[in-house]
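S.K.: I'll drop the sequence and a predicted model, then ask my questions.
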Amino acid sequence: MELTDKNFKSTITDNKVVMVDFWAEWCGPCRVLAPTMDSLGKDFNGKLVIGKVNVDNNPTLSTINKVRTIPTVIVYKNGVEVERLVGVRDKTFYTDKLNYYLN
């Protein structure tokens, strides 16, 4: 799900768990992480939201969320940031994090 200035706040507050990938098209590690995020979105469909914020198109969201390095993945639970992950990790790592926050 593409998140923008218009839908970001409602998405993180209206869903129990939201994982947001802050990325840019020119970022090599972001391109490496993209298939993992897409796969997680399919695996957890209906249980939580996997969102993506293009930092070039939404600089305000990057500033508000203090994203200084990409890729940065932030997990929100009940509208509150609960974990921040910088860099690329394997799918199992993210799966374990999401399962933890769903319980």
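M.R.: Perfect, I can see it now.

S.K.: same for the longest helix along the chain, what does it pack against?
M.R.: For the chain, the helix with the greatest residue count under DSSP state H is helix 28-43. If contacts are counted by 3 or more CB pairs under 8 Å, 6 or more residues apart in numbering; DSSP states H and E, helix 28-43 sits against strand 17-23, strand 49-54, helix 91-102. All C-beta spots, glycine's among them, are computed from the backbone N, C-alpha and C.

S.K.: and the spatially most central residue of the chain, how far from residue 85?
M.R.: In the chain, the C-alpha nearest the mean C-alpha coordinate belongs to residue 20, at 1.3 Å (CA atoms, centre = their mean). Using CB to CB, to the nearest Å, residue 20 is found at 11 Å from residue 85.

S.K.: who's in contact with residue 18?
M.R.: 11-12, 48-51, 75-76 (CB atoms under 8 Å, 6 or more residues apart in numbering).

S.K.: let's have those in JSON lines, adding distance to residue 90 and neighbour count.
M.R.: JSON lines is the format used below for those (distance: CB to CB, whole Å; neighbours: other CB atoms under 10 Å):
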{"residue": "11", "distance to residue 90": "25", "neighbour count": "18"}
{"residue": "12", "distance to residue 90": "25", "neighbour count": "23"}
{"residue": "48", "distance to residue 90": "19", "neighbour count": "21"}
{"residue": "49", "distance to residue 90": "21", "neighbour count": "20"}
{"residue": "50", "distance to residue 90": "16", "neighbour count": "23"}
{"residue": "51", "distance to residue 90": "20", "neighbour count": "23"}
{"residue": "75", "distance to residue 90": "16", "neighbour count": "21"}
{"residue": "76", "distance to residue 90": "22", "neighbour count": "24"}
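
S.K.: can you redo the residues you listed as JSON lines with distance to residue 59 and pLDDT?
M.R.: Formatted as JSON lines, those follow (distance: CB to CB, whole Å; pLDDT from 0 to 100):
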{"residue": "11", "distance to residue 59": "18", "pLDDT": "97"}
{"residue": "12", "distance to residue 59": "18", "pLDDT": "96"}
{"residue": "48", "distance to residue 59": "26", "pLDDT": "96"}
{"residue": "49", "distance to residue 59": "22", "pLDDT": "97"}
{"residue": "50", "distance to residue 59": "22", "pLDDT": "97"}
{"residue": "51", "distance to residue 59": "17", "pLDDT": "97"}
{"residue": "75", "distance to residue 59": "22", "pLDDT": "98"}
{"residue": "76", "distance to residue 59": "19", "pLDDT": "97"}
